[in-house]
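>>> attaching a predicted model along with its sequence, questions to come.
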Amino acid sequence: MKTLTVTLKQHTPLIHFQPGQYGATLRASEVKPKLDRFILGKLGKEEFEEAKRKKWLIGKGDHPALNYKMRIIGKDVILSPIEGYWGYRRNRNGQEIPIASPMFFGNMQNEKDKSKKNIKKCFSKCNDITLTLYSLSDDVIKVVLKYLQSFFLQTNFGTRQSKGYGSFSLVVDEKWKNAVEEVKVKEETMPVYPYFTCKGGEKVLFNEMEWFYKAIRSGINDCFGERFYMKSLMFAYAKEKGEQWEKKTIKTVFYDQLSDAYNSEDINEKELANHNNKSDVLTYTSQDEGEFLFKDCLGLSTIERWKKPVISGGRLMYKDFFTLKKGFRKTAEQSDEIQRMKSPVLLKPIKENGFYKIYIMYNDVPEKFLKSKFNISVDCCAENGFLPLEIYPEFSMKDYFDFIFRQYSDRKFVYYRVDIPKMILVGRNTAKSKRIQEIFKEIRDNYKKSVYAL
């Protein structure tokens, strides 16, 4: 039997769903299926037929897998609860409350006891991880060797993996080099991806990844501490396509209903007055209600909490929250129900020489999802029915990334299609604003050399 043992390096915490498991770290039951799909996706038709002929595969072909076994062992595993991992802050009553883990929403209320939460996840960190492969076929080990390093550089694991959690890489040491040399394998070349660097610690890393991801999807609205508000770059993308940003569409309909419910002045008029800055090119773009959902192309959110507007003393204020839900609507074009669509964007942090380099990767949005339609409803206006909206059918990840990162030029000057500083409406002179602009500048500078700019 051919045996191969390699060492893995962990770059970011893994959100583990079985923290009580001995040596809880990467699970072979997650890694092997992903690795097999990665490798088999790289093989051409002739290579795949050869793999079947040489009996490299197991199973009947419905879910093909390579014929080898995998074992992962982690030593000195450190488990930490997610809540409190990033520290604590004091609320208005002086109570210490845990700082929410960036881009993690797993610990929800207990349905039976609303005062409790279902604490299911924890962080797992480990300094010494070995991965061992066993196979009766040298050829199987050889094909795994060809793609193993590239696989770990393009894949994360565990919960919230697209947001940078669960990042590992293969340690290219003498043992690895000797194994590659022994079987004379030419390793797959790693594609060149756009990236930005972070020279801070783990907390800074996840904050910056969260800023980046919110900027390209929903926008940033920070009400704690120093006020900061940045419009979503997806808003500008929708505008360029001649469409209306979905948030405006949803507000137009449901804020009118809330006005009736409160028997008050028109909330929409107050909202519009608050944003009626004529010099701001990012204000409302259309008098007509839009038809499309844009930000869900970067990950479907079926339940959202929105601030509830009220008129108090003639002023528009936001108190409490209302819940917005998206329910799938079956059509002749799309009858298969869709309840989730994970983000096509993957953030891959790699720590080297004391700082992180965060690579930004994406997959195309499934065509099936682009044909989907949803019914939007809010709990405080449930009796008024729903608003039908559909996913923007022409959305393309390459088109969107080109829109925010590609440099264009004509005979007179060089330009980008969206101006990052203009998207920051509140807090433009803050340290956060400066850092976000630095992040996008660095990505734009190296985007032209990336695989996506080709």
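Now that the structure is in, tell me what you want to look at. Numbers count the residues shown, from 1 in each chain.
>>> so residue 176, which state does it fall into?
helix (DSSP: H, G, I helix; E, B strand; the rest coil).
>>> that one touches residue 6, doesn't it?
Yes - with contact defined as C-beta atoms under 8 Å, residue 176 and residue 6 form a contacting pair (5.8 Å). (Each C-beta comes from the backbone N, C-alpha and C, glycine too.)
>>> which residues do those two both contact?
The contact sets of residue 176 and residue 6 overlap at residue 170 (C-beta atoms under 8 Å, 6 or more residues apart in numbering).
>>> okay, now the unreliable bits of the stretch 101-250 of the chain?
105-120, 224-225 (pLDDT under 70).
>>> what about the strands in it?
Counting by DSSP state E, counting those that start in this stretch, the stretch 101-250 of the chain has strands at residues 122-125, 128-135, 168-170, 195-198, 220-222, 228-230.
>>> could you dump these into CSV and include distance to residue 73 and mean neighbour count?
Shown next, in CSV, are those (distance: least, C-beta to C-beta, whole Å; neighbours: other C-beta atoms under 10 Å):
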stretch, distance to residue 73, mean neighbour count
strand 122-125, 13, 20
strand 128-135, 5, 18
strand 168-170, 14, 20
strand 195-198, 30, 18
strand 220-222, 41, 18
strand 228-230, 44, 20
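>>> looking at those, which is closest to residue 50?
strand 128-135 (16.4 Å; C-beta to C-beta).
>>> what is that closest one packed up against?
strand 2-10, strand 69-75, helix 138-153 (3 or more C-beta pairs under 8 Å, 6 or more residues apart in numbering; DSSP states H and E).
>>> and the angle from that strand to strand 69-75?
Orientation of strand 128-135 against strand 69-75 (axes from the mean of the first three to the mean of the last three C-alpha atoms, to 10 degrees) gives an angle of 170 degrees.
>>> ok, and what's touching strand 128-135?
With C-beta under 8 Å, 6+ apart as the criterion, strand 128-135 contacts 1-10, 25-26, 31, 67-76, 141, 144, 168.
>>> so which of the helices and strands packed on strand 128-135 comes closest to residue 96?
Using C-beta to C-beta, the helices and strands packed on strand 128-135 put strand 2-10 closest to residue 96, at 29.1 Å.
>>> so what secondary structure elements neighbour the closest one?
Using 3+ C-beta pairs under 8 Å, 6+ apart, strand 2-10 sits against strand 128-135, helix 138-153, strand 168-170, helix 174-182.
>>> again, only this time at 10 Å
Judged by 3 or more C-beta pairs under 10 Å, 6 or more residues apart in numbering; DSSP states H and E, strand 2-10 is in contact with strand 69-75, strand 128-135, helix 138-153, strand 168-170, helix 174-182, strand 345-352.
>>> can you add distance to residue 99 and give the ones you listed back as a markdown table?
Below are the helices and strands packed on strand 2-10 laid out as a markdown table (distance: least, C-beta to C-beta, whole Å):
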| stretch | distance to residue 99 |
| --- | --- |
| strand 69-75 | 27 |
| strand 128-135 | 28 |
| helix 138-153 | 30 |
| strand 168-170 | 25 |
| helix 174-182 | 38 |
| strand 345-352 | 19 |
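>>> any idea how far residue 152 is from residue 439?
For residue 152, the distance to residue 439 (C-beta to C-beta, to the nearest Å) stands at 24 Å.
>>> typed the wrong thing, it's residue 292
From residue 292 to residue 439 the distance is 28 Å (C-beta to C-beta).
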